[in-house]
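> Here is a sequence with its predicted model. Questions after.
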Amino acid sequence: METTDLIATLFGTLLAPPGIVILIALLGFILYLKWPLLGAALLSFSIAALVALSLPMAGHQLLTGIETYALPVYEPGKEAKTTAQAIVVLGAGRSADAPEYQGDTVDTFTLERLRYAAYLHRKTGLPIMVSGGSAHQESVSQAELMRTVLVDDFRVNVKFVEDKSRNTLENASYSREVLQTAGINQIYLVTHAWHMRRALWSFQAYGIAAIPAATGFSHLGREDTRLLGYLPSARGMRMSSLAIRERIGYAWYTFKQTPEASTSKKEN
């Protein structure tokens with residue numbers, strides 16, 4: 001992982017909850033030693049923020065705010081202006097050294113995306129491309145793990161493999177090379193609904209015509225719409241953290257757009 005990517009990941013971790021809440025509480029504690037009122041106010045705010053961000057109802061609202069960029073595909077292959085020639089599914093992460101599989105395998109998010117890619121494939125007959133490299137110099141890329149799951153578990157063949165990318169922007173950059181070589185001009189882009197805004201921006205920045213094919217839309221169970229939705233939980237914090245990290249990631253991508261991406265967009 002390059003230094004800039006490492007710094008971006010570090011800042012994303014610190015600025016999203018619970019990191020940002022811990023930083024505010026730590027600052028409040030330090031200030032309390034000299035300015036008790038200001039310090040106490042920050043400590044109180046950090047506790048209130050921790051409770052609010054841990055509510056499933058709050059996390060759901062934060063997620064749905066960015067999922068509006070990814071409406072579900074109801075009739076694959078039948079949408080207006082659809083000339084998609086392939087399905088590109090993005091890796092999310094890996095489950096390292098999973099004992100039940102005697103090694104690395106895809107994580108839960110990636111598995112959700114693969115399931116939906118297999119569904120789209122059966123609906124449309126379009127070939128699948130998997131995209132994901134080795135962000136931390138692992139011996140097996142995410143793309144290869146994804147290909148194995150699609151072939152062995154879903155009985156779906158994978159035609160294209162992009163195994164160099166380490167982040168979403170590189171997913172787009174390296175996928176563009178493979179797609180252009182294959183003469184593919186439009187794709188279904190498969191990722192999570194909360195990730196689609198950043199993913200779609202990245203692919204469009206490289207001049208790739210992509211139809212958003214999102215999966216994993218956030219939802220609240222019946223119990224969450226009643227009492228449990230208003231009680232702090234790890235699930236609520238997880239949803240809030242995902243939503244805020246994605247917003248930070250999107251802001252970072254639009255800020256640091258590479259010259260290569262800008263040039264590609266103009267050429268296409």
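Ah, there it is.
> Contact partners for residue 182?
For residue 182, the residues meeting the contact criterion (CB atoms under 8 Å, 6 or more residues apart in numbering) are 86, 160. In short, each C-beta sits where N, CA and C put it, glycine included.
> So for the chain, the centremost residue is which one?
In the chain, the centroid-proximal residue (CA atoms, centre = their mean) is residue 195; its distance is 3.8 Å.
> what's the closest non-adjacent residue to that residue?
Across the structure, with CB to CB, 6 or more residues apart in numbering as the measure, the residue nearest residue 195 apart from its sequence neighbours is residue 246 (6.4 Å).
> Same question for residue 140.
Spatially, and ignoring its direct neighbours in sequence, residue 140 is nearest to residue 104 (5.9 Å; CB to CB, 6+ apart).
> Touching, residue 90 and residue 191? I think so.
Yes - Residue 90 is in contact with residue 191 according to CB atoms under 8 Å; the separation is 4.6 Å.
> residues shared between the contacts of these two?
Shared contacts of residue 90 and residue 191, defined by CB under 8 Å, 6+ apart, are found at 113, 199.
> Is the residue sitting furthest away from the middle of the chain in a helix, a strand, or coil?
The outermost residue of the chain, judged by C-alpha distance from the chain's mean C-alpha position using CA atoms, centre = their mean, is residue 34 at 41.9 Å. On the three-state scheme (DSSP: H, G, I helix; E, B strand; the rest coil), residue 34 is labelled coil.
> if I look at it, how far off is residue 27?
12 Å (CB to CB, to the nearest Å).
> Give me the contact list for the longest helix seen in the chain.
When the chain is parsed with DSSP state H, its longest helix is helix 234-255. In this structure, residues lying in contact with helix 234-255 by CB under 8 Å, 6+ apart are 8, 11-12, 15-18, 20, 53-60, 62-63, 65-66, 168-169, 194-195, 197-198, 201-202, 218.
> and residue 32, what does it touch?
By CB under 8 Å, 6+ apart, the contact list for residue 32 reads 38-40, 42-43.
> wait, I meant residue 172
Residues counted as contacts of residue 172 (CB under 8 Å, 6+ apart) are 199, 202-203, 205-206, 208, 261.
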